[in-house]
Each structure stands twice: as C-alpha cells, then as structure tokens.
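Q: heads up, no residue letters with this:
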C-alpha cells in the first residue's frame, strides 16, 4: 500500500493492444490510472479510451513528413537523417559507403507537353526501376522534383559503387511507355564516396573524419552535373576540383542573369554574301556580352564561347535564347520602319532552348514585332535535333509550315546521312567551317564539301558555307554551285549600327541599278 500511497497523479499508458468486445478486433487504447481516497479508503479510477484513430493519424503525419507522397520513397529530410546514421556506422566499423544522385533528362518537357499525370507516371516508373536495380539493403529516396538518391552502405570500394550506378543506367535502356508515346529516359548519376579519398586513384585507406550528410549529398549532386556535362547516360565521381568549378559556374550564372536584367547583352550581325555579285543576302545574329570593366568607360566584350556552355548547363540559355530572338526581331522591325530593304536574319537556337520551347513559343516572339515569318531563320545544330528527335521534328515541321526558315548549322559534324536529312523539315544547310578550312587543298575536305552541296541540291535545300576566309575557298564553292557564304573574307560580325549602314548601302546600290 505504500507504493499506492506514493502515487500522486494519474499514470497513463498508450497503444495497448486490446480486443474490442465481440469483434475480435485489436484496438489501440489509452489507459489512465488515478489514485482516489473516499471516506478514508484508498482506491483507483481507471479510464480506458480508444485512441486508434488518433494514433493512425499521427502515424500518417509521420509518414507524410518523411516519405514522398507520389513514390512512397523516403524524402530528402529522411535521407539526410538516415545518412547521419550511415556516417556513424561507417566510422565505427571502418566500412565505406557511397551516395548516388540521379536526375532525369527532359522531365519538364514531359509535364509541359503530356501533362502532370504523365510526369507522375514517369516518376513512379523511374522509382520502380531504380529500386529494382539496387540491392535489397540499399536505400532509395526521392529528394527533388526529378531527383533521386541511393545510399549504398555495403560496398567494398568505389568500383562497386560504379558497378551499381551502371546497373541503374542500364535499367533505362528500354523506353518508358506514357500516354501516346514512348519516352527514353537519359539519366546521369553522380557518386560521392565516404571516406572521400577512397574514390581517388591509389587510395588504400580513407580518412574517417568529416561526413556531413548534406555535404555528401551536395558532393554527389556536383558529380551529377559533371556527368551531365559529359552527355548523360553515364556516371561521374565527385572530386574536390569539381566543387571549385561548380562555385565558379554558380558565380558566372549569377552574373549572366544580372547581365540580362542590366541589358549588358548585345547582338552583332555577320553578313551573308552572294558569291555571284558579292551583294548582301542576309545576317547571322551573334550574341556578345559587354561586361562593365572596373574603372573603365567601356566594358569588355566577352565572346559566347566563354559563357554559353554555362548558360546551357544551368538552363539560363532558355530565357537568354528567348531574348536573342526577341532582340533580333525588334532590330529587324526597326530597320523595316526606317525604310531598309529586308534581308533574313538567322538566330541560333541551342539544344536546351529547342527542347524547352514549342513552335508556338517561337512564333509568338516573331509575331510580337509584326514581322513576315520569312525574314527570320532559326539555326539549330544536328546534335540539338538528335537529343530529342521526335520533339525536334514536331517543332521544326510546325515552324516550316508557318513560313519560318530553318537551317541546320555545323552540318557534317554529327549524324549526317541522307536518310536523316530526308526526315528534317528544313530549308537550309550550313557547311561547317572545319571542312571549309581544308578547301580546296585537302582532298578529303573538298570531297565532303562537294558531296554536301550535291546532297542539298538533290533535296532542294539552300546551302551556306561558313568560315570562308580565303579567295581560293570562295572560288571552289562558287565552282560547285554554293553561292552564299559568310566569313571574314566577306564580312566580320558588326554591331547593329554598322549592319544598318550595310543595308543602306545595299539600298543605294539597288537604286543605282534601277536607274
């Protein structure tokens, strides 16, 4: 009784498995026991409450807080929590582990064109294939919109992590069936190994300090970006120099976005000239970045080769590409309003820009300035088409039907073939400067150039040779019926003001000819 007398307040127990009377069903219950003294006699009051629904609700809240609703996989918060435990086990038992990060190619394109239900179905199938590719003890989670992570605790070394990454990539050799189409997923995988120096060459024993879960995920994501830069469908290991490169790219990406807002980008225009009478027949718009210099009146003109790859990788190329097309159309409208005789202006469309825009998106920019569609030519590369040929063919066919000219740039450097060329709804082929450089002295280059010209003629396509710098190159092209060229021989890229003077001269020459 002394023990009973010591009880000052209610004692509560929860989640007792109690059978509901008459049903055989087990319920969760809360039992509360409180001491009671009545007329000097001690006793207890017991209260039993059914808390089955409340505990079920709490468990569901916990599941929602730690699990991805769509795939049922652990979410990023849970992955980071489990990584902490994995780091501790790795230190205690001196056993390495790896973190893999994976994302999908062209996921936004799927949701934009087929809808979010198709995107959800794609993510669920991707999750299923990843889980099926790894071992039962491995942990798979969804840590972003189309980002997944895999924690590999039972590995011997970095080679075993690479082998598992290879199995994941192989799982996407077959397409994913979506409503109305089959979609090929081109994932990339980034790998971070703990301890980190086990991923280096000749590392016999890793250092077991560090191991912040968020840092490990960031390292795997940095390696993922490196794998994507190499073209996707491959894996890459994190290396310290990748982090520094990523920091530089992040800084440059910020500078680029600020440059667009601050109107630091410029278009220069390179003439396209006829080899028959050396008259102006068109321009190619080329992007330049005039970055303000420290303490100088004029900024530094940065060529696109230094910033376009970063813009392409970060996705900034899409709004930047929209700006280039819009600015070229605006400038064309200004020239027309000033009474200039129009010539077509070509604008380069990058692979990511093409993948993330529809034909209607491009048409709306052109229509905004009231331009005849034939005055704009969109230049794409062979690689841009082949990255997603079905989408590209649909966009290009619609553009051509609208009267917008379409050119394949750098022709001859990629997937060139007659059967491929027949499928493309294009108007123009541009012969790459790498072939023009060897004309006419290099027999192989001369043969390639003459064959491309003959192919284009057979298919009814216009041909432009780029990178023409020497008179003998121009003579060779003229002899083989390629009569439109661009290059330093016939005109370097110039600002809009100088391009306007070329148009005025063209107008003057036309007036003299008419007189």
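A: Received, thanks. Keep in mind the model is a prediction, meaning the values are calculated, not measured. Numbers count the residues shown, from 1 in each chain.
Q: Sketch out the low-pLDDT regions of this structure for me.
A: Residue ranges of the chain with pLDDT under 70: 1-25, 51, 54-55, 57-65, 109, 196-211, 293-298, 386-387, 412-420, 513-515.
Q: how does it divide into domains?
A: As recorded under automatic domain parsing, the domains making up the chain are 2-58, 70-238, 256-514.
Q: wait, residue 369 sits on residue 330?
A: Yes - between residue 369 and residue 330 there is a contact under Cβ atoms under 8 Å: 5.9 Å. For glycine as for every other residue, the C-beta is placed from the backbone atoms N, C-alpha and C.
Q: What residues sit buried inside stretch 68-86?
A: Buried residues in stretch 68-86, counted by 16 or more other Cβ atoms under 10 Å: 68, 71, 73-76, 78-80, 82-83, 86.
Q: Need the residues that contact that stretch.
A: Under the contact criterion Cβ atoms under 8 Å, 6 or more residues apart in numbering, stretch 68-86 has outside partners 65-67, 97, 99, 120, 123-124, 127, 131, 139-144, 148-149, 151, 153, 213-214, 216-217.
Q: Which ones among these map onto strands?
A: Using DSSP state E, 97, 99, 139-142, 148-149, 151 are the members of the contacts of stretch 68-86 that sit in strands.
Q: which among these gets closest to residue 313?
A: The shortest gap between residue 313 and any of those belongs to residue 148, at 19.9 Å (Cβ to Cβ).
Q: So what pairs up with the residue lying closest to the closest one once chain neighbours are set aside in the strands?
A: Of all residues not flanking residue 148 in the chain, residue 102 sits nearest, at 4.8 Å (Cβ to Cβ, 6 or more residues apart in numbering). Beta bridges link residue 102 to residue 148, residue 189 when assigned by DSSP bridges.
Q: Could you tell me the end-to-end distance of stretch 179-193?
A: For stretch 179-193, the first-to-last residue distance is 38 Å (Cα to Cα, to the nearest Å).
Q: Distance from that stretch to the middle of the chain?
A: 12 Å (Cα atoms, centre = their mean, to the nearest Å).
Q: quick one: residue 353 is in a helix?
A: Yes - counting by DSSP: H, G, I helix; E, B strand; the rest coil, residue 353 is located in a helix.
Q: Now the spatially closest residue to it that is not a sequence neighbour: which helix or strand?
A: Among residues not flanking residue 353 along the chain, residue 321 sits closest, at 3.8 Å (Cβ to Cβ, 6+ apart). Following DSSP states H and E, one finds residue 321 within helix 317-337.
Q: just residue 236 next, same as before
A: Assessed by DSSP H and E, residue 236 sits inside strand 235-237.
Q: Sheet-wise, list the partners of that strand with their directions.
A: Using DSSP bridges, the strands paired with strand 235-237 are strand 188-194 (parallel).
Q: and the angle for the partner strand with strand 97-103?
A: Relative orientation of strand 188-194 versus strand 97-103 (axes from the mean of the first three to the mean of the last three Cα atoms, to 10 degrees): 160 degrees.
Q: Tell me how far strand 188-194 lies from the chain's centre.
A: Centroid separation for strand 188-194 versus its chain: 18 Å, with Cα atoms, centre = their mean.
Q: Pull the residues that contact that strand.
A: Residues outside strand 188-194 that contact it (Cβ under 8 Å, 6+ apart): 87, 90, 96-103, 105, 158, 161-162, 165, 168-169, 199, 206, 211, 216-217, 219-228, 230, 232-238.
Q: so where do the helices sit in the stretch 101-250 of the chain?
A: 107-114, 116-133, 158-170, 213-229, 240-261 (DSSP state H, counting those that start in this stretch).
Q: which one of the ones you listed lies closest to residue 449?
A: Nearest to residue 449 among those is helix 213-229 (31.4 Å), distances taken as Cβ to Cβ.
Q: mind listing what's buried in that closest one?
A: 213, 216-229.
Q: Now find how far off-centre the helix holding residue 321 is within its chain.
A: 24 Å.
Q: Strand partners (parallel or antiparallel) of the helix or strand following it?
A: The helix or strand immediately downstream of helix 317-337 is strand 345-348, counting by DSSP H and E. Strand 345-348 has its sheet partners listed here by DSSP bridges as strand 280-291 (parallel), strand 376-381 (parallel).
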